[in-house]
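Enquirer: attaching a predicted model along with its sequence, questions to come.
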Amino acid sequence: MKTIGYAAHDAHTPMVPYGFDRRALRPDDVAIEILYCGVCHTDLHAVRNDFGMTAYPCVPGHEIIGRVLETGPEAGRYRAGELVAVGTMVDSCGHCDQCAQHAEQRCREWATVTYGGPDRITGEITQGGYSRHIVVRERFVLALPDGLDPARAAPLLCAGVSTWSPLRAWNAGPGSRVAVIGLGGLGHMAVKLAAGLGAEVTVISRSPGKEADALALGARAMLLSSDPAAMAAAANSFDLILDTVPVAHELAPYMPLLEVDGTLVIVGFVGPFPDFQAFPLVAGRRRVSGSAVGGTAETQELLDFCAAHGILPDCEMIAIQAIGEAFARMEQADVRYRFVIDMASLESVA
Ligand SMILES: [Zn+2]
Ligand SMILES: [Zn+2]
């Protein structure tokens, strides 16, 4: 299938229109016309080759909302015209213990990422959602429930499930005290979802200017990390802390905030942390953990939960032609809280 997207051809020049082929349908494939695609920080890192692993040309995008065009003969779950979603993975081994419980993000043979990873059969490098069409194995296609606005649902597929998965794994709900460090794309979803689950939510931020937003998103309070007295007064007051900060930072100031047996989960950063203090862990039997996106079962659960509870990301819709400007604004943290590309803007591309 011929399609068109926007690709980066190197780390420095702007992304440009790029015609390429999607694979012919395999028996269990679904062909999708993409309507919307969220803009994730990972896209920016991939385009700029920040991890030194980008294969060019690179069509990023792994927060995909679309409409089914066609299905393979063994793909019976969806019909043409249905609204569907695709997240950060498009394939996995399918037979390991993690795949068996639909936690494909932890596949023992590594899941195939939506863009920039080798196809399991051909080895061809996958291309993502900044494009008109995509072909995906049915197992990795999620149903978009009725009542979920397709124009705003895209960020649930990465930012949403990255925070939903740890909230569910650590049983956030009524009676639990959850703190969220950082109020960006992930953080704003963490607040909405934790509040939606019934937890008591606090946003931890350096900027007093974030307080109004934090409360509007569903937090009960904001804790100013730059205020030593407030931080000391908040000792032992959280069962779960979601750390969504996307850059290197110190963990030490946050550990004493955890209750005995409490857990801080890193969801925003994969690099080295500058310090590690064992004392607060030892003293309070506290834990530091990590979590990456979520499997197909959790992602479908999240979509269904958001439809039932009227929870949607806060989005700013852009045309694909504005992607360079959107990346620049993301670097300045100048977005509330997620850019979403309206793929109809591709129509004007020759
Ligand atoms: Zn992402
Ligand atoms: Zn597997």
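Expert: Yep, it's here. Numbers count the residues shown, from 1 in each chain. Ligands and ions are numbered 1, 2, ... in the order given.
Enquirer: hey, let's count contacts and neighbours off CA atoms from now on
Expert: Noted.
Enquirer: OK, contacts around the residue of the stretch 201-350 of the chain found nearest ligand 1?
Expert: With C-alpha to the ion as the measure, V293 is the residue of the stretch 201-350 of the chain nearest to ligand 1, at 8.0 Å. V293 is in contact with 88, 105, 158-159, 161-163, 165, counting by C-alpha atoms under 8 Å, 6 or more residues apart in numbering.
Enquirer: and what of G123?
Expert: Taking C-alpha under 8 Å, 6+ apart as the definition, G123 has no contacts.
Enquirer: distance check, it against ligand 2.
Expert: 17 Å (C-alpha to the ion, to the nearest Å).
Enquirer: same question, P57
Expert: The value you get for P57 to ligand 2, if C-alpha to the ion is used, is 28 Å.
Enquirer: got the contact list for that residue?
Expert: 7-10.
Enquirer: of those residues, closest to R22?
Expert: A7 (14.3 Å; C-alpha to C-alpha).
Enquirer: count of neighbours near G310?
Expert: 12 (other C-alpha atoms under 10 Å).
Enquirer: now the one 3 residues further on
Expert: For P313, the tally of surrounding residues (other C-alpha under 10 Å) stands at 23.
Enquirer: remind me which helix or strand it belongs to.
Expert: If you go by DSSP states H and E, P313 is not part of any helix or strand.
Enquirer: how about the strands in the stretch 251-350 of the chain?
Expert: Secondary structure of the stretch 251-350 of the chain by DSSP state E, counting those that start in this stretch: the strands cover 258-266, 287-290, 315-319, 338-342.
Enquirer: can you tell me which of the ones you listed is packed in deepest?
Expert: strand 338-342 (a mean of 26; mean count of other C-alpha atoms under 10 Å).
Enquirer: who's in contact with that strand?
Expert: Strand 338-342 has contacts (C-alpha under 8 Å, 6+ apart) with 35-40, 130, 151-152, 154-155, 185, 313-320, 326.
Enquirer: one more pass at 10 Å, please.
Expert: 34-41, 61, 63-64, 129-131, 151-155, 159, 184-186, 188-189, 313-323, 326-327, 329-330 (C-alpha atoms under 10 Å, 6 or more residues apart in numbering).
Enquirer: could you give me the ChimeraX selection string for whichever of those are buried?
Expert: Under the burial definition 16 or more other C-alpha atoms under 10 Å, those of these that qualify are selected in ChimeraX by:
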select :34,35,36,37,38,39,40,41,61,63,64,129,130,131,151,152,153,154,155,159,184,185,186,188,189,313,314,315,317,318,320,321,323,326,327,330
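Enquirer: the contacts of strand 338-342 also near ligand 1: which ones?
Expert: C40 (C-alpha under 5 Å from the ion).
Enquirer: in helices, which of the contacts of strand 338-342 appear?
Expert: 41, 151-153, 159, 185-186, 188-189, 323, 326-327, 329-330 (DSSP state H).
Enquirer: count of neighbours near whichever residue of the stretch 1-150 of the chain sits closest to ligand 2?
Expert: Per C-alpha to the ion, C107 is where the stretch 1-150 of the chain lies closest to ligand 2, at 3.6 Å. Neighbourhood size, C107 [other C-alpha under 10 Å]: 21.
Enquirer: going forward, the N-terminal residue is numbered 13.
Expert: In the new count, where the first residue is 13, that last one comes out as C119.
Enquirer: what confidence value was assigned to it?
Expert: On pLDDT, C119 comes in at 98.
Enquirer: pretty sure it is touching A112, no?
Expert: Yes - between C119 and A112 there is a contact under C-alpha atoms under 10 Å: 9.2 Å.
Enquirer: list the buried ones in stretch 112-128?
Expert: Residues 114-119, 123-128 are the ones in stretch 112-128 that count as buried (16+ other C-alpha under 10 Å).
Enquirer: confidence score at whichever residue of the stretch 113-262 of the chain sits closest to ligand 1?
Expert: Nearest residue of the stretch 113-262 of the chain to ligand 1 (C-alpha to the ion) works out as C170 at 4.6 Å. C170 is assigned a pLDDT of 97 by the prediction.
Enquirer: tell me how far it lies from G280.
Expert: 11 Å (C-alpha to C-alpha, to the nearest Å).
Enquirer: repeat that for L263.
Expert: 13 Å.
Enquirer: okay, the nearest residue to L160 once chain neighbours are set aside: pLDDT?
Expert: Closest residue to L160 apart from its sequence neighbours, by C-alpha to C-alpha, 6 or more residues apart in numbering: A319 at 4.9 Å. Residue-level confidence at A319 comes out at 98, pLDDT.
Enquirer: alright, calling it a day.
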